[in-house]
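**Student:** Next input, structure requested:
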Amino acid sequence: MAKSLIPDKASNLSEAIMTEMVLPQHTNAIGTVFGGVIMSWVDIAAAICAERHANKQVVTASVDALEFLAPIKLGWIVTLKASVNYVWTTSCEVGVKVTAENPRTGEYFHTASAYVTMVALDSHSRPTGIPQVIPSSLDQKRRYEEAKFRRISRLELKKQNAERANQKDVP
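**Tutor:** Below you'll find the predicted structure:
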């Protein structure tokens, strides 16, 4: 197999940290943030991170394992940290961790995590190669190894969904 001409890139060079304040338009009737708002912020943080890594435009291919662990309340500060975990030929897995801070008490809460697959596009909007990621810290190396197994699960689920879509009795 020929070596790619695209130079590898350290994962810390593309990390993204995004901060938001939960405002009334972000909340539901009980004063906690809508899950869809968090999903949108996760997608944006993942795109920023992937674009930094690829130095190309990216699009979201999938979001999986988005888990809401704790509510986020009106007035709290939300921080999203995104990092490229693994790179395949034209796509990468970006892990996004969401934490919330109650600014009145100083308490922090891990509120959500997600894995987002982003695909790099060339100037004709076709998938294109991106640099491999070089993990350096122990956490980055752990996430790098775990991403390989998540991809296997992701591809199996994609295959099952395609099979179900071909069945006539499935809406």
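
**Student:** C-alpha from now on. contacts and neighbour counts both.
**Tutor:** Fine.

**Student:** so what's Asp64 scoring on pLDDT?
**Tutor:** As predicted, Asp64 sits at a pLDDT of 88.

**Student:** secondary structure class for Val116?
**Tutor:** Per DSSP: H, G, I helix; E, B strand; the rest coil, the local secondary structure of Val116 is strand.

**Student:** Distance-wise, check the nearest residue to it once chain neighbours are set aside relative to Ile44.
**Tutor:** Among residues not flanking Val116 along the chain, Val63 sits closest, at 4.4 Å (CA to CA, 6 or more residues apart in numbering). For Val63, the distance to Ile44 equals 12 Å [CA to CA, to the nearest Å].

**Student:** so where's this protein uncertain?
**Tutor:** Applying pLDDT under 70 to the chain picks out residues 1-5, 168-171.

**Student:** residue ranges of the helices in this structure, please?
**Tutor:** 35-54, 138-165 (DSSP state H).

**Student:** Tell me the helices and strands packed up against the shortest one.
**Tutor:** Applying 3 or more CA pairs under 8 Å, 6 or more residues apart in numbering; DSSP states H and E, one finds that helix 35-54 contacts strand 16-21, strand 57-68, strand 77-87, strand 91-102, strand 107-121.
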